[in-house]
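Peer 1: Need a 3D model of the following:
(4 chains)
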Number of protein chains: 4
Amino acid sequence: MTSKHQSEIQMDRRLRLGMVGGGQGAYFGIVHRVAARLDDHYEFVAGALSSDPQRAADSARELRLDPTRSYSDYREMARLEAMRDDGIDAVAIVTPNHLHAPVATAFLEAGIHVICDKPLAVSVEEALALQTLSRSTGKLLAITYTYSGYPMVRHARELVTSGELGEIRFINVEYVQEWLAEPVEQRRNKQAEWRTDPERSGPGGCLGDIGTHAYHIAAFVSGMLPSELSADVVTMVPGRRLDDHVQVMLRYPSGARGTLVTSQIATGEGNALRLRMYGTKASLSFDQEHPDFLWYTPLNGNTTRLTKGRAHSSSGDHATRFPAGHPQGFFEAFAQLYRDAALQIAAMIDHRSIPECSKLLTTVDDGVEGMKFIAAALRSSANGGVRTAID
Amino acid sequence: MTSKHQSEIQMDRRLRLGMVGGGQGAYFGIVHRVAARLDDHYEFVAGALSSDPQRAADSARELRLDPTRSYSDYREMARLEAMRDDGIDAVAIVTPNHLHAPVATAFLEAGIHVICDKPLAVSVEEALALQTLSRSTGKLLAITYTYSGYPMVRHARELVTSGELGEIRFINVEYVQEWLAEPVEQRRNKQAEWRTDPERSGPGGCLGDIGTHAYHIAAFVSGMLPSELSADVVTMVPGRRLDDHVQVMLRYPSGARGTLVTSQIATGEGNALRLRMYGTKASLSFDQEHPDFLWYTPLNGNTTRLTKGRAHSSSGDHATRFPAGHPQGFFEAFAQLYRDAALQIAAMIDHRSIPECSKLLTTVDDGVEGMKFIAAALRSSANGGVRTAID
Amino acid sequence: MTSKHQSEIQMDRRLRLGMVGGGQGAYFGIVHRVAARLDDHYEFVAGALSSDPQRAADSARELRLDPTRSYSDYREMARLEAMRDDGIDAVAIVTPNHLHAPVATAFLEAGIHVICDKPLAVSVEEALALQTLSRSTGKLLAITYTYSGYPMVRHARELVTSGELGEIRFINVEYVQEWLAEPVEQRRNKQAEWRTDPERSGPGGCLGDIGTHAYHIAAFVSGMLPSELSADVVTMVPGRRLDDHVQVMLRYPSGARGTLVTSQIATGEGNALRLRMYGTKASLSFDQEHPDFLWYTPLNGNTTRLTKGRAHSSSGDHATRFPAGHPQGFFEAFAQLYRDAALQIAAMIDHRSIPECSKLLTTVDDGVEGMKFIAAALRSSANGGVRTAID
Amino acid sequence: MTSKHQSEIQMDRRLRLGMVGGGQGAYFGIVHRVAARLDDHYEFVAGALSSDPQRAADSARELRLDPTRSYSDYREMARLEAMRDDGIDAVAIVTPNHLHAPVATAFLEAGIHVICDKPLAVSVEEALALQTLSRSTGKLLAITYTYSGYPMVRHARELVTSGELGEIRFINVEYVQEWLAEPVEQRRNKQAEWRTDPERSGPGGCLGDIGTHAYHIAAFVSGMLPSELSADVVTMVPGRRLDDHVQVMLRYPSGARGTLVTSQIATGEGNALRLRMYGTKASLSFDQEHPDFLWYTPLNGNTTRLTKGRAHSSSGDHATRFPAGHPQGFFEAFAQLYRDAALQIAAMIDHRSIPECSKLLTTVDDGVEGMKFIAAALRSSANGGVRTAID
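Peer 2: As a prediction, the model looks like this:
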């Protein structure tokens, strides 16, 4: 129960962050903003939140941006922010896939660091051009392969690197979801619309949207990239214009083998990114829906559940904010109480009625009951454990 | 995959938040600040972070507080903040237990809302006085019973309220940890020192520190408070001055029964708050180390794993930020990438070398590999699934 | 994959086994007979299967007993079997509780070994008398505390004995079921009738029926018996004549503590016997509904899932019939195929139609498909993994 | 808690069973014999347990076969048994794979029913010939695809058949083990020797040994056979003569897809046969290492854990011997007590010392403690729950 990891990461300033995309109704903009805020390393100060000027302005107001730093054109944003003394240090790109490359290009060329959602681009050519540009400008082009941020994924990588698994022989990775099992893109689901539209998503559907995550985590943990594959890229839902189910067999230069399945028609699956790796000495298993745990089994041995905060490695510890037993998500539960309190306090300040949704906030009344419990327990125990009234 | 829950909670301003306690080396101050920041409803502007003036000032600087709003005396802070036009709307109290009541009293009397860590106080008398004061001043006195913030705990409560369990007959709750299994308070563990010191913790050790959480969650979900108990309050570690293991049997006015175990010498347990409730029609089980899930079993039926984002209720949805499959903690993984990017960008701006700990950040190079994978998969599939080079 | 454990237990003869109770409609007679048959150490040759002569005879016929060795009076059975040269070596007692002591007495006095279901008797006095008799006659009086037969329970015991847990501080045991959550004894449930009848069950209901199992497994694994208890013995279902819910706090001579819950109104629970033990060095957890596994966690360490066939100890290995990964129950799946084949073969011999229930038996047709699969897989792989017809 | 399922399967006679293979040191002979004995439908009366005459005779003696019905040549056994009035009704074949077809042929031609281990044969041609022979002789040729005997596998099949899953879109099946991860066939492991020898195993190694199980269970549950596959059949361990890792992609006539992985170099895996099926309406998941459970998730719904004894279907119930909560394997725990009692009783009869390994048998002493517990609990509860001595 120490604050070691937190204190390791103190910075002497907040970076100024801009965002392209992520306006009203855009799911992932919120995720990026919360993530940027969590460790207090960024200040969100500018945005081209939508290409629609009205929506851009409305979104900026809702997010309390300075109106003079709300843009509707990302090129203008790149140009003007680069000229300001207090211009943004970095930009987060959360647009549909087809804009990743042009937006990233504009900001890199303006000398601004880039944090871009995946996939990087819509073609290998675009991607290679960005790689070249990032190198020539000396600016960071980070890709948010989210799952590599979990402590236990980083710990897994260290186990492999340190030779704990021996030589890897077989990698089994899958990323399967159910949310496109029906033709929801024909039912005004905005997220589904652009993800099944080759104009905005590029040539891969499920393949680009989540397949790249599966491909990346396997490489991230194993430290190996395959050299060959055999693939079956399928569209299961009639009328859909991009793939929604993909199964692939992989071969690695070392002779290792792999299978990769990615699907968005996998009924009953939420966001199931699962990785297993089998080496000559031991195997590993990780499931992102239970991200605090990593299962490790040596040859002929028993399985150990490596747990965030209990299993230590330098990269895993760097990504750990809590001691063992506080699941990833403890912050959110805590934040919920702060959210509910904010809703109540704001209402009280404004002489409005307390919002119904905030009423489960625990208050002094709950605190009083806790004190009564302590007092009664101490009295009972002091009297040989007799039954004692709680009052 | 919608932003419904997020958008529901938009506020038109951030509240101004102060903090008492939580300076350097104080574990829980960080948790409160992150929680306050997560949903962007608060701005942290003032603090009495330590009673030691130097440490208070150092902590304030580290947290980028305006030095004129860093105090070393909480009474002064209450007085001065109450006089400012831009004074704090609310204060978070994260001191050891014995200060909860005096600090809360000072701020409530100054007309400032209070968010206080648990337990509320060190005696029933103090607690009742605070209850009276909160009512007479009309100010909020919230207690952070963290675990009531989990969506599935709130969902559980709704299931009980709506009668899904029938009449409750038996409640089994436990909160067990291992961290005091050895006399760590004699080994300079600051967290252990004050928690085993009756002067600072009050008369309950384990009982007050985590027993109150167990007691609260049982009441929160069941809607029932017990009327009688039989307790065995034990100190297992020789030389310790407060209890570290407590077992209690409960009786409810309805005739229902309960057992409550709370222990800090439970070897191998991290932060195991587990609740089970058995009614005449169905039972529930929750484990805070797996907070996305709630297990529900009707009489003679099969068990269903109710999952955050899949099982809907108004209070559960209010506390949900993500669709199913994105575990509580997805934010943290995402935030890790932002943290690593911040470390790298700041280093690049300052012409320092990139910190080692940030080097797992995924970048354009990873993005390029993803694009190569997509392209190869599409080629293989288009050619009857033949083995195809990834290049 | 060795037959080591099996061969260790070869005996040079089968013992001759008799049974008292366990006639038609008696659930547990079947369990005892299957258990006796499984390792082929017993031959079932005599019985007083019911006190009703007709039912005794019918049951004997159904079980293919020699009619001259089917008795309706257990005293006569004891007397006559003791006189035969080929008389039974041992008797299994599977009657309601109130008959355990008189029947066991009759057979012990006749010089016949006894295997008796639990609880041993209906009073401490009866039990002590049996203890004395067993010693004076030099005959075995075994009690079937079933759960001590699991390999991982025996392994747990060895871990404790060998000091792996250090000094035990806390034992948490529960045995909870749902089957008496409703007044089924008023609905002609024969099992429930005698178990809720003090005349046949003795003074404990749930307490005797399953509470004794919980009490025993805690003692068996820990090697400790408690010296004091505080109990709340409850009847939850109106009109029931014996307890159906019991919660107990325990104190051990060493200063260790324990809690024991046993309930038959625990909605949604099947047969949940769960044991956890916390020592100064490590803790253990066992759940009989997942009997192949034992969870072990050292202080400040990660949890290891000790698995039948992987975790070795002399007493655990003695009770293991299969290598790891073959769950307890693999035999039953296998036996199912033999059952289905028997039903089909018998029908074919008798020129009857094949019973519907046996028709899922896998046959040559399934075998042919398997061979086609092998051949196609080899062809595809030999041709660079091209898609290949299975025919 | 009824004996319904047991009583359903009463037969009016035991079948006479013979066995080919399965002599001393042969692992699977034991499994077949236990399985045949469990439900008491067979009497084991004849065998050609080894082709080595001495080993055949020794094995027969150990298993208490009539010496005149112990054969060293299976052809002679088929001929002579067919001539006896009390000849065997059925033969179990548990030899290495290459003998399956010739032995089965001999017995079928002799008019004797056959229960054969898998794979059926070493080539498609042999298999088809057996299919023809089984039909022309009208004799049963059962294949022991063990896993189809689990109640929850049969229940899964009924769910599919009844349309609960909608149209199947994706099947993911794997059967992975670790036991050939090292070249154990070069270290005198008899099981490994013949399984890696193409002369005795046929052309498939892992493919035939366990791949056929995976292939079968997918077909058994889904009711579908694939029409095409792409395979990568690999030998990972240097010097091995047959495959030990196989990955396959499947296409079904309906357009459904599948992946099948079978491996014997999967470090840390015991006997992991796992099946998942995704339909348009719901999905299923089964893991044979947890055979009492089947996981079912409807589209956009919560996951239900269907449990043996709770989830009912005609074929599942037919294969169920116990109420819910009694895991597959309860019989084995029970049998262990009978085994230990047999060892003790036999020793007592022979005036030998009690074997050490049997000494955990629970006896009258344990029974006495149970009675003391009941009495103390009743006393404490009757006295307001006061702490009460157990004596």
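Peer 1: would you list every one of the strands in the stretch 151-300 of chain A?
Peer 2: In the stretch 151-300 of chain A, the segments counted as strands under DSSP state E, counting those that start in this stretch are A:168-176, A:228-234, A:245-251, A:257-263, A:272-279, A:282-287, A:293-298.
Peer 1: Could you export the third one as CSV, keeping only the C-alpha atoms?
Peer 2: C-alpha atoms of strand A:245-251 as CSV (Å, rounded to 0.1, in the frame of the first residue of the first chain):
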residue,chain,number,x,y,z
HIS,A,245,-15.3,-12.7,-39.4
VAL,A,246,-11.7,-13.6,-40.1
GLN,A,247,-9.7,-16.7,-39.3
VAL,A,248,-6.0,-16.9,-40.0
MET,A,249,-3.1,-19.4,-39.5
LEU,A,250,0.3,-18.0,-38.9
ARG,A,251,3.9,-19.2,-39.4
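Peer 1: partner strands of it, parallel or antiparallel?
Peer 2: Pairing partners of strand A:245-251, with direction, according to DSSP bridges: strand A:228-234 (antiparallel), strand A:257-263 (antiparallel).
Peer 1: Can I get those strands in a markdown table including mean pLDDT and mean neighbour count?
Peer 2: No exception for glycine: its C-beta is placed from N, CA and C like everyone else's. Shown next, in a markdown table, are those (pLDDT from 0 to 100; neighbours: other CB atoms under 10 Å in any protein chain shown):
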| stretch | mean pLDDT | mean neighbour count |
| --- | --- | --- |
| strand A:228-234 | 91 | 25 |
| strand A:257-263 | 96 | 26 |
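Peer 1: Span of stretch A:261-268 from start to end?
Peer 2: Taking CA to CA, to the nearest Å, the first and last residues of stretch A:261-268 lie 16 Å apart.
Peer 1: Residue A:185 is in contact with residue A:196, isn't it?
Peer 2: Yes - Residue A:185 lies in contact with residue A:196 (CB atoms under 8 Å); the separation is 4.5 Å.
Peer 1: list residues touching both of those two?
Peer 2: residue A:240 (CB atoms under 8 Å, 6 or more residues apart in numbering or on different chains).
Peer 1: Settle it for me: which of those two has more neighbours?
Peer 2: Taking other CB atoms under 10 Å in any protein chain shown, residue A:185 and residue A:196 do not tie; residue A:196 has more neighbours (27 against 21).
Peer 1: what sits against that one?
Peer 2: A:180, A:185, A:205, A:240-242, A:244.
Peer 1: Check residue A:20 too.
Peer 2: Applying CB under 8 Å, 6+ apart to residue A:20 gives the contacts A:47-49, A:74, A:77, A:91-95, A:99, A:103, A:107.
Peer 1: Out of those, the closest to residue A:129 would be?
Peer 2: residue A:103 (13.3 Å; CB to CB).
Peer 1: State the distance from the closest one to chain C.
Peer 2: Distance of residue A:103 to chain C, computed by CB to the nearest CB, to the nearest Å: 39 Å.
Peer 1: For chain A, which segments count as helices?
Peer 2: With DSSP state H, the ranges of helices along chain A come out as A:4-8, A:27-38, A:53-62, A:74-83, A:100-109, A:124-137, A:151-161, A:190-195, A:198-201, A:206, A:212-222, A:314-318, A:330-349, A:364-382.
Peer 1: Check these for me: which has the lowest mean pLDDT.
Peer 2: Among those, helix A:4-8 carries the lowest mean pLDDT, at a mean of 39.
Peer 1: picking up where we left off before, looking at the helices of chain A, which is closest to residue C:16?
Peer 2: Among those, the nearest to residue C:16 by CB to CB is helix A:364-382 (56.3 Å).
Peer 1: Which neighbouring elements make contact with that closest one?
Peer 2: Where contact means 3 or more CB pairs under 8 Å, 6 or more residues apart in numbering or on different chains; DSSP states H and E, helix A:364-382 is packed against strand A:388-389, helix B:124-137, strand B:141-143, helix B:212-222, strand B:228-234, strand B:245-251.
Peer 1: can you pull the alpha-carbon coordinates of it into PDB?
Peer 2: Provided in PDB are the C-alpha atoms of helix A:364-382 (Å, rounded to 0.1, in the frame of the first residue of the first chain):
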ATOM      1  CA  VAL A 364     -23.300  10.800   6.900                       C
ATOM      2  CA  ASP A 365     -26.300   8.500   7.600                       C
ATOM      3  CA  ASP A 366     -24.300   5.600   6.300                       C
ATOM      4  CA  GLY A 367     -21.400   6.700   8.400                       C
ATOM      5  CA  VAL A 368     -23.500   6.700  11.500                       C
ATOM      6  CA  GLU A 369     -24.600   3.100  11.000                       C
ATOM      7  CA  GLY A 370     -21.000   2.100  10.600                       C
ATOM      8  CA  MET A 371     -20.100   3.600  13.900                       C
ATOM      9  CA  LYS A 372     -22.900   1.900  15.600                       C
ATOM     10  CA  PHE A 373     -21.700  -1.400  14.200                       C
ATOM     11  CA  ILE A 374     -18.200  -0.900  15.500                       C
ATOM     12  CA  ALA A 375     -19.500   0.000  19.000                       C
ATOM     13  CA  ALA A 376     -21.800  -3.000  19.200                       C
ATOM     14  CA  ALA A 377     -19.200  -5.500  17.900                       C
ATOM     15  CA  LEU A 378     -16.700  -4.300  20.600                       C
ATOM     16  CA  ARG A 379     -19.400  -4.500  23.300                       C
ATOM     17  CA  SER A 380     -20.400  -8.100  22.300                       C
ATOM     18  CA  SER A 381     -16.900  -9.300  22.100                       C
ATOM     19  CA  ALA A 382     -16.000  -7.800  25.400                       C
END
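Peer 1: ok now it, how far from the chain's centre?
Peer 2: 41 Å (CA atoms, centre = their mean, to the nearest Å).
Peer 1: quick check: angle from that helix to strand B:257-263?
Peer 2: Between helix A:364-382 and strand B:257-263, the angle comes out at 90 degrees (axes from the mean of the first three to the mean of the last three CA atoms, to 10 degrees).
Peer 1: Look up how far residue B:362 lies from the residue most central in space within chain A.
Peer 2: Centroid-nearest residue in chain A, with CA atoms, centre = their mean: residue A:146, separated by 3.8 Å. Distance, residue A:146 to residue B:362, using CB to CB, to the nearest Å: 9 Å.
Peer 1: joint contacts of those two?
Peer 2: Jointly contacting residue A:146 and residue B:362 under the rule CB under 8 Å, 6+ apart are residue B:337.
Peer 1: Out of the strands paired with strand A:245-251, which is closest to residue D:379?
Peer 2: strand A:257-263 (61.7 Å).
Peer 1: Can you give me the neighbour number for the residue in the stretch 1-150 of chain A that chain B sits nearest to?
Peer 2: Closest approach between the stretch 1-150 of chain A and chain B, counting by CB to the nearest CB: residue A:120, at 2.7 Å. Residue A:120 sits with 32 neighbouring residues when counted by other CB under 10 Å.
Peer 1: For it, which residues are in contact?
Peer 2: A:100-101, A:126-127, A:130, A:143, B:364, B:367-368, B:370-371.
Peer 1: Neighbour count added to those, as JSON lines?
Peer 2: Output for the contacts of residue A:120, formatted as JSON lines (neighbours: other CB atoms under 10 Å in any protein chain shown):
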{"residue": "A:100", "neighbour count": "28"}
{"residue": "A:101", "neighbour count": "23"}
{"residue": "A:126", "neighbour count": "22"}
{"residue": "A:127", "neighbour count": "26"}
{"residue": "A:130", "neighbour count": "25"}
{"residue": "A:143", "neighbour count": "30"}
{"residue": "B:364", "neighbour count": "24"}
{"residue": "B:367", "neighbour count": "30"}
{"residue": "B:368", "neighbour count": "20"}
{"residue": "B:370", "neighbour count": "28"}
{"residue": "B:371", "neighbour count": "26"}
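Peer 1: Touching, residue A:155 and residue A:294? I think so.
Peer 2: Yes - with contact defined as CB under 8 Å, residue A:155 and residue A:294 form a contacting pair (6.0 Å).
Peer 1: Identify the contacts common to those two.
Peer 2: By the contact definition CB under 8 Å, 6+ apart, residue A:155 and residue A:294 are jointly contacted by A:306, A:311.
Peer 1: Could you find the closest non-adjacent residue to residue A:272?
Peer 2: Spatial nearest neighbour of residue A:272, excluding adjacent residues (CB to CB, 6 or more residues apart in numbering or on different chains): residue A:176 at 4.9 Å.
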